[in-house]
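# let me see the structure of the following:
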Amino acid sequence: MSNSETAVSSITNGVDHKSLSHANLRKTERFAWVDLVRVSSAFLIVVNHVNPFSPYFDHDPESAHVSLWLAGDFAALVSRCAVPMFLMISGYLLLTKKSLKHGYFNRLLKVGIPLVAWFTIYLGVYRAIGHTDFMGNPVTFYNGIRCFITGKAQHLWFLFAILALYIAAPILHSYLKSASRENKTYFLVVCAFACFAYPLLCAVLQKQFDVDEIGFKFHIMNTSIGYFVAGYFLGRLTISKQTFFWCLISFVIIVSSVTTITCTSFTSSLGEIFSQMETPLRQTLIYNPSLHIPLALLLFVILKYIGESQFYRQSKFSVGISRLAVFTFGVFLVHILVRQALGTGGLKILNNADYPWFSLLADPFIVFFLSVAMVWCLRKIPLSRWILP
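Residues are numbered from 1 along each chain as shown. Sure thing, here's the model as predicted:
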């Protein structure tokens, strides 16, 4: 090849590689924070379901050190952000698409097929080990159909919710694409009222007037739709450093305040007062959906800012997170099986009372990475991608 031909070839290749690398870089930069949120959500779901803090969560506070109670309440509260963040990521990835026509039916299948498959797998496992079904009844075909129809399928309820949102996605996509800024703002305000203020208002009115339920309903604006659309808005925002710090400070204040109150209520003289409440204070605060909403939104913004930072995107840690991200849906599906095996098998790792701090720190990581390994192995089996997309 002549020098001129070599020069032309090198220039052409240089342009192609440069444009290709630039496109890949933009794609990587765009989804680095998405992968971080995905992996964080999957890990928090494992924390929520593994729950190595249960020995110190419901018993006499004198049986454990106060730090374990604080850690247990902290993990129980923060882990409730997992599913909302999954919904927000799904909303961002789906609703920001230019069109939903291409591959829309395949998206429904990628949720519907794993839902039916893993529902059947879990019922089969529970029957084999002599466990009851998701509603506490003996595992039978009839009871299994009842569980499926009612959506009471332990952690698989999330797939029912996401499938419903996928079906509604074309409607929401068309609305967000054509609605004015004022109309979108109104939508967010209504969602905020329906998901946050309305439940609190209902609780006050029910207590004040001694009624079982409030006749005025807000079912159309449920929390799932709120999180789904919130992901569309928050995912498109450019988070400033000032916003990040305010969100981080707010998140820390809320979590630390709630965990301190719940722990203090059981480890001081105030415990006698709180114990007389109709609903325990810990259940009122930690399991209250109205409290999970601001925490999930704040944590989503915090992780998005970190994931978009140049320091994170250029670190090896981001590469590892991106590799783990492809397993997050599978981890969500299989981690209960891993927890069941470790909790009832010979290893007896979970909730180890003899080594509480080891159990406190290690259990979620052990279950998470064993779940990743299990998904990786199952994907090697032909046709397994239909149930582990």
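# what about the stretch 101-250 of the chain, any weak spots by pLDDT?
By pLDDT under 70, the low-scoring segments of the stretch 101-250 of the chain are 133, 135, 219-220.
# show me where it has its strands.
Counting by DSSP state E, counting those that start in this stretch, one finds no strands in the stretch 101-250 of the chain.
# got the residue ranges for the helices in it?
According to DSSP state H, counting those that start in this stretch, the stretch 101-250 of the chain carries its helices in the segments 104-128, 141-150, 157-178, 181-192, 198-209, 223-236, 241-267.
# out of these, nearest to Ala341?
helix 104-128 (9.7 Å; C-beta to C-beta). All C-beta spots, glycine's among them, are computed from the backbone N, C-alpha and C.
# between the helices of the stretch 101-250 of the chain, which gets nearest to Lys98?
The stretch from these with the least distance to Lys98 (C-beta to C-beta) is helix 157-178; that distance is 8.8 Å.
# which other residues reach that closest one?
Applying C-beta atoms under 8 Å, 6 or more residues apart in numbering, the set of residues contacting helix 157-178 from outside is 83, 86-87, 90-91, 94-95, 97, 100, 104, 107-108, 111-112, 114-115, 151, 153, 184, 187, 224-225, 228-229, 232, 332.
# quick one, phi psi at Thr96?
Geometry field for Thr96 lists phi and psi as phi -90, psi 0, criterion degrees, to the nearest 10.
# might one say that it is in contact with Arg236?
Yes. Checked against C-beta atoms under 8 Å, the pair Thr96 and Arg236 is within contact range at 6.6 Å.
# the two - which one has more neighbours?
Here Thr96 and Arg236 are set side by side on neighbour count (other C-beta atoms under 10 Å), and the busier one is Thr96, at 14 against 10.
# residues in contact with the more buried one?
With contacts defined as C-beta under 8 Å, 6+ apart, the neighbours of Thr96 are Tyr232, Gly235, Arg236.
# can I get those in a markdown table including distance to Leu297?
Compiled in a markdown table, those are given as follows (distance: C-beta to C-beta, whole Å):
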| residue | distance to Leu297 |
| --- | --- |
| Tyr232 | 13 |
| Gly235 | 12 |
| Arg236 | 14 |
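# for Val338, state which of those is nearest.
Distance ranking of the contacts of Thr96 against Val338, using C-beta to C-beta, places Gly235 first at 30.4 Å.
# against Ser180, how distant is the nearest residue to Gly235 once chain neighbours are set aside?
Taking C-beta to C-beta, 6 or more residues apart in numbering, and ignoring the residues beside it in sequence, Gly235 has Tyr92 as its nearest neighbour in space, at 3.2 Å. Tyr92 is 21 Å from Ser180, where distance means C-beta to C-beta, to the nearest Å.
# which one's more surrounded, the two?
Legend: neighbour count by other C-beta under 10 Å for Tyr92 and Ser180, higher for Tyr92 (24 against 8).
# name the element that one belongs to?
Tyr92 is part of helix 82-95, with elements assigned from DSSP states H and E.
# output that helix in PDB with nothing but the alpha carbons.
Written as PDB, here are the backbone C-alpha positions of helix 82-95 (Å, rounded to 0.1, in the frame of the first residue of the first chain):
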ATOM      1  CA  ALA A  82     -35.400  -0.100  46.700                       C
ATOM      2  CA  VAL A  83     -38.700  -0.800  44.800                       C
ATOM      3  CA  PRO A  84     -39.500   2.900  44.300                       C
ATOM      4  CA  MET A  85     -36.100   3.400  42.700                       C
ATOM      5  CA  PHE A  86     -36.700   0.400  40.400                       C
ATOM      6  CA  LEU A  87     -40.000   1.900  39.300                       C
ATOM      7  CA  MET A  88     -38.300   5.300  38.700                       C
ATOM      8  CA  ILE A  89     -35.600   3.700  36.600                       C
ATOM      9  CA  SER A  90     -38.200   1.800  34.600                       C
ATOM     10  CA  GLY A  91     -40.200   5.100  34.000                       C
ATOM     11  CA  TYR A  92     -37.100   6.900  32.900                       C
ATOM     12  CA  LEU A  93     -35.900   4.200  30.500                       C
ATOM     13  CA  LEU A  94     -39.400   3.700  29.000                       C
ATOM     14  CA  LEU A  95     -41.100   7.100  29.000                       C
END
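# what helices and strands are in contact with that helix?
Secondary structure elements in contact with helix 82-95, counted by 3 or more C-beta pairs under 8 Å, 6 or more residues apart in numbering; DSSP states H and E, are helix 3-50, helix 157-178, helix 223-236, helix 289-308.
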